[in-house]
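[1] fold the stuff below for me.
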Amino acid sequence: MTKDTRTLYLELIKRVLTNLIYEDSRLDGSSAVFEAEARLEGRDWPSVAHTMVGLSRLDNLQMCVESVLADGVPGDFIETGVWRGGASIFTRAVLAAHGVNDRTVWVADSFEGMPETTEDSNIADRHVELSEFNDVLAVPLETVRANFGKYDLLDEQVRFLPGWFSETLPVAPVERLALLRLDGDLYDSTMVALDNLYPKLSPGGYVIVDDYLLHGCRAAVDAFRQRNGITEPVKDIDGTAAYWRRAV
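    The predicted structure is shown next:
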């Protein structure tokens, strides 16, 4: 694609993924009216859109992907926690727009929703009952695959890792990463992803934390960074998500 064609394509993909085109209502039923500001900022659960992360986080994801491509940072791309697949679909779209055919987008999710928290969970998670919303958060693998297909982006460069992170990530056949996007919400989900995937992140690669605002997620990130002596600054994206770049 030429630069102008690429820009038009990716901007349209973002608008479709967030459904700024047809403006669907939010799932909680608090309003039947489309709230553009909430959708742009990723503050609602859309009834139809393929992502809930909002436009700022998609812009950040595009910047990170294009940055590692421009700088030649080696490795694949992974998202841990994908819901309907929107952010992973967009990552694949960026690769397609740049004609990149030698990198994989790994899509990791239980595809059963959030795990139940118990007394064995980290203290930061014990009273967070996100599993109560699994009627919304549990999106089957077949649905996510079909969503990739709707954008003509389901191909051999997309690989799925279905199952609980504690079971799949330690044995995931991922050799090297250029980008790690965390969207597991909970302390335990975030920590297991960092423990198993951060060592595979190339220098110059990015970590994006979708739920840095949440106490458990932030506590896991902060503890991991302290334990591993990571001092690269964590930068805010939109008041909810944050990211940092691994030092070269």
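
[2] please count neighbours and contacts with C-alpha atoms only from this point.
    Fine.

[3] please name the nearest non-neighbouring residue to Asn196.
    Pro170 (5.6 Å; C-alpha to C-alpha, 6 or more residues apart in numbering).

[4] against Asp76, how distant is that neighbour?
    Distance, Pro170 to Asp76, using C-alpha to C-alpha, to the nearest Å: 17 Å.

[5] now swap in Glu112 and tell me
    From Glu112 across to Asp76, the span is 25 Å (C-alpha to C-alpha).

[6] between those two, which one's more packed in?
    Counted by other C-alpha atoms under 10 Å, Glu112 and Asp76 do not tie: Asp76 has more neighbours, with 22 against 18.

[7] backbone dihedrals for the spatially closest residue to the more buried one that is not a sequence neighbour, both of them.
    Distances taken as C-alpha to C-alpha, 6+ apart place Leu177 nearest to Asp76, at 4.5 Å, with adjacent residues excluded. Main-chain torsions, Leu177, degrees, to the nearest 10: phi -120, psi 140.

[8] what does the model give Leu177 for pLDDT?
    We note a pLDDT of 99 for Leu177 in this prediction.

[9] what's the burial count for it?
    Using other C-alpha under 10 Å, Leu177 is surrounded by 25 other residues.

[10] could you do Asp155 as well?
    A count of nearby residues for Asp155, using other C-alpha under 10 Å, gives 12.

[11] can you report phi and psi for it?
    Main-chain torsions, Asp155, degrees, to the nearest 10: phi -150, psi -170.

[12] so how far is Val105 from it?
    Asp155 is 10 Å from Val105, by C-alpha to C-alpha.

[13] roughly how far is the lowest-mean-pLDDT helix or strand in the chain from the heart of the chain?
    Here the helix or strand of the chain ranked lowest by mean pLDDT, DSSP states H and E is helix 134-137, holding a mean of 72. In terms of C-alpha atoms, centre = their mean, to the nearest Å, the centre of helix 134-137 is set 17 Å apart from its chain centre.

[14] and the longest helix for the chain?
    Assignment by DSSP state H gives helix 54-71 as the longest helix of the chain.

[15] which other helices and strands does that one contact?
    Helix 54-71 makes packing contacts with helix 36-40, helix 86-97, strand 177-182, strand 201-209 when contacts are defined by 3 or more C-alpha pairs under 8 Å, 6 or more residues apart in numbering; DSSP states H and E.
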